[in-house]
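S.K.: turn this into a model:
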Amino acid sequence: MSSVFYQIACIVIPCLIYQIYMIKTKPHMQACPWHIVWSYIFFVYLFLVFSAVGTGSIWDIGNYNEIIRLDEINLIPFQSDGVITYVLNIIMFIPLGFLLPFIWKKYQKVQCTVLAGAAFSFTIECCQLFNQRISDIDDLLMNTLGAFVGYLLWMVFQHIFHNHKSYEPLSNREAEIYLILAFLGQFLLYNWRLFLT
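M.R.: Okay, the predicted model is just below:
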């Protein structure tokens with residue numbers, strides 16, 4: 001259980017520091033409580049993704065014979081075994097595709113959400129080079145598709161609940177900064193090896 005709190009802290013604390021900095025340096029800015037709540041729901045989602053995919057970190061460097069192992073990189077699409085792998089990768093990124101336009105207005109453009117999904121997935125696949133996980137083009141494609149499906153679900157939600165509006169962000173790049181800070185916290189601060197028995 002302590003490893004879970006440790007990992008969450010590694011993801012949340014950099015984002016919290018950014019929030020405090022933005023609020024302190026821009027006194028005219030009033031952070032909407034609901035926007036903050038949804039931001040933390042977004043952080044929990046990022047934690048769940050990082051936990052599910054087994055993202056590598058800087059702490060994995062030197063624990064294997066080679067940092068990059070070409071036999072663990074698959075660049076040929078649709079070579080994965082079983083449909084369940086594709087389905088799970090799609091499902092995993094549906095919340096990302098829904099939460100981005102739900103929380104941040106700039107992601108109410110489909111290309112922004114899909115591009116963010118692809119970039120986030122690509123980052124994860126690159127990090128898996130560090131910990132002997134397979135970096136797979138299929139995962140990238142299905143994750144990106146999942147972000148698109150999530151965006152479509154947000155459009156349906158928006159059609160049903162016309163009065164939902166995104167809250168005022170702390171900055172124009174808030175979502176991107178959260179994604180970067182959460183990733184850096186996971187990559188640089190979280191050392192799962194501390195909990196090996």
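
S.K.: what does stretch 12-20 contact?
M.R.: Applying C-beta atoms under 8 Å, 6 or more residues apart in numbering, the contact partners of stretch 12-20 are 31, 36, 39-40, 43, 47, 170, 177-178, 181-182, 184-185, 189. For every residue, glycine as well, the C-beta is placed using N, CA and C.

S.K.: what's the ChimeraX line that selects buried ones from those residues?
M.R.: This is how ChimeraX selects the buried members of the contacts of stretch 12-20, with burial counted by 16 or more other C-beta atoms under 10 Å:
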select :31,39,43,47,170,177,178,181,182,185,189
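
S.K.: just send the contacts of stretch 12-20 back as JSON lines, with distance to residue 105, secondary structure and pLDDT too.
M.R.: Formatted as JSON lines, the contacts of stretch 12-20 follow (distance: C-beta to C-beta, whole Å; DSSP: H, G, I helix; E, B strand; the rest coil; pLDDT from 0 to 100):
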{"residue": "31", "distance to residue 105": "16", "secondary structure": "coil", "pLDDT": "69"}
{"residue": "36", "distance to residue 105": "16", "secondary structure": "helix", "pLDDT": "88"}
{"residue": "39", "distance to residue 105": "14", "secondary structure": "helix", "pLDDT": "93"}
{"residue": "40", "distance to residue 105": "19", "secondary structure": "helix", "pLDDT": "95"}
{"residue": "43", "distance to residue 105": "19", "secondary structure": "helix", "pLDDT": "97"}
{"residue": "47", "distance to residue 105": "24", "secondary structure": "helix", "pLDDT": "95"}
{"residue": "170", "distance to residue 105": "13", "secondary structure": "coil", "pLDDT": "78"}
{"residue": "177", "distance to residue 105": "16", "secondary structure": "helix", "pLDDT": "96"}
{"residue": "178", "distance to residue 105": "15", "secondary structure": "helix", "pLDDT": "97"}
{"residue": "181", "distance to residue 105": "20", "secondary structure": "helix", "pLDDT": "96"}
{"residue": "182", "distance to residue 105": "20", "secondary structure": "helix", "pLDDT": "95"}
{"residue": "184", "distance to residue 105": "25", "secondary structure": "helix", "pLDDT": "93"}
{"residue": "185", "distance to residue 105": "25", "secondary structure": "helix", "pLDDT": "94"}
{"residue": "189", "distance to residue 105": "30", "secondary structure": "helix", "pLDDT": "87"}
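
S.K.: from the contacts of stretch 12-20, pick the one nearest residue 133.
M.R.: residue 47 (17.7 Å; C-beta to C-beta).

S.K.: can you pull the contacts of that closest one?
M.R.: Here residue 47 is in contact with 7-8, 11-12, 182 (criterion: C-beta under 8 Å, 6+ apart).

S.K.: kindly report the same for residue 8.
M.R.: Per C-beta under 8 Å, 6+ apart, neighbours of residue 8: 43-44, 47.

S.K.: can you pull up the most central residue in the chain?
M.R.: For the chain, residue 46 is the residue whose C-alpha lies nearest the centre (C-alpha atoms, centre = their mean; 4.4 Å).

S.K.: I'd say that one and residue 180 touch.
M.R.: No - taking contacts as C-beta atoms under 8 Å, residue 46 lies outside contact range of residue 180: 11.0 Å.
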